[in-house]
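> I need the structure of the sequence given here:
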Amino acid sequence: MNSKLVSGYKRANRFSLILMSLMFMSASFAASASLPKEVAKNVPNAAVVGQDMFTYYFFDVYEATLFAPQGKYDKDKPLALTLKYQRSLDGKKIAERSIDEMQKQASLDSEKSKRWLQDMINIFPDVSEGDVITGVATEEGNALFFYNGEEVGEVKDPEFTQKFFDIWLSEDTSEPKFRKALLGKN
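The predicted structure is shown next:
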């Protein structure tokens, strides 16, 4: 082959490798930039597992997105669940509904139930359309909560953390189709 032709191929090959690297870097940056900051900070290599709109009696309540490392849910790994509200709701009502859902899946002793309800009442704000509450299950088993990206509370109790996220992710959830969508199994 002609040496000028070989040299041209080498330059074109280097150029295409550089271009592919730049495209990969920009795609990686775009993916991390689209993650909520509280998710990126608390869930290593976070990616979306699944997403769905929760509807109650024909009314959209919130859009939920589940994040996990590499986009693969494992109940023993950190995860984050964002709820983007489509309507206004009272924070106390959110807490009460959460404890009701937790009790549907497993019996809770009354003292624990009262303590967890009070923890959630203290943490969950009233929400309006467009507000986002994010719950994070940390590596340590704690539950961190964020409201529109700002930390609003933490429950340092691995049992609470498991039961809370089981509302959406347990096989015993009251919303199995919603669970399936969050787990990316549509």
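
> can you pull the buried residues of the host helix or strand of residue 178?
For residue 178, the host element (DSSP states H and E) is helix 176-182. Neighbour counts over helix 176-182 (16 or more other C-beta atoms under 10 Å) mark 178-179, 181-182 as buried. C-beta here means a position set from N, CA and C on the backbone, and glycine is covered the same way.

> of all these, which comes closest to residue 45?
Checking the buried residues of helix 176-182 against residue 45 by C-beta to C-beta gives residue 182 as the nearest, at 18.5 Å.

> right, and that closest one touches residue 68 too?
No - applying C-beta atoms under 8 Å, one finds residue 182 not in contact with residue 68, separated by 10.2 Å.

> shared neighbours, these two?
Both residue 182 and residue 68 are in contact with residue 49, where contact means C-beta atoms under 8 Å, 6 or more residues apart in numbering.

> so what's residue 149 up against?
For residue 149, the set of contacting residues under the criterion of C-beta under 8 Å, 6+ apart consists of 36-38, 132, 134.

> for those, work out which two are farthest apart.
Of all the pairs that the contacts of residue 149 form, the one spanning the most space (C-beta to C-beta) is 37 and 132, at 11.6 Å.

> show me the helices in the protein, by range?
In the chain, the segments counted as helices under DSSP state H are 3-33, 37-42, 91-105, 110-123, 158-169, 176-182.

> buried residues, the third one. List them.
So the one you mean is helix 91-105. Burial within helix 91-105, assessed by neighbour count using 16+ other C-beta under 10 Å, is assigned to 91, 94-95, 98-99, 101-102.

> show the average pLDDT along stretch 97-116.
When pLDDT is averaged over stretch 97-116, the result is 93.

> pull the residues that contact it.
Stretch 97-116 is contacted by residues 117, 120, 124, 155, 157, 159-160, 163-164, 166-167, 170, 172-174 when judged by C-beta under 8 Å, 6+ apart.

> 7 Å instead, please
117, 120, 160, 163-164, 166-167, 170, 172, 174 (C-beta atoms under 7 Å, 6 or more residues apart in numbering).

> which ones are touching the closest residue to residue 184 other than its chain neighbours?
Using C-beta to C-beta, 6 or more residues apart in numbering and skipping the chain neighbours, the partner closest in space to residue 184 is residue 50 (3.9 Å). Under the criterion of C-beta under 7 Å, 6+ apart, the contact partners of residue 50 comprise 66, 181-184.

> what's the distance between residue 66 and residue 183?
With distances defined as C-beta to C-beta, to the nearest Å, the gap from residue 66 to residue 183 amounts to 7 Å.

> so what sits against both of the two?
Counting by C-beta under 7 Å, 6+ apart, the residues touching both residue 66 and residue 183 are 49-50, 73.
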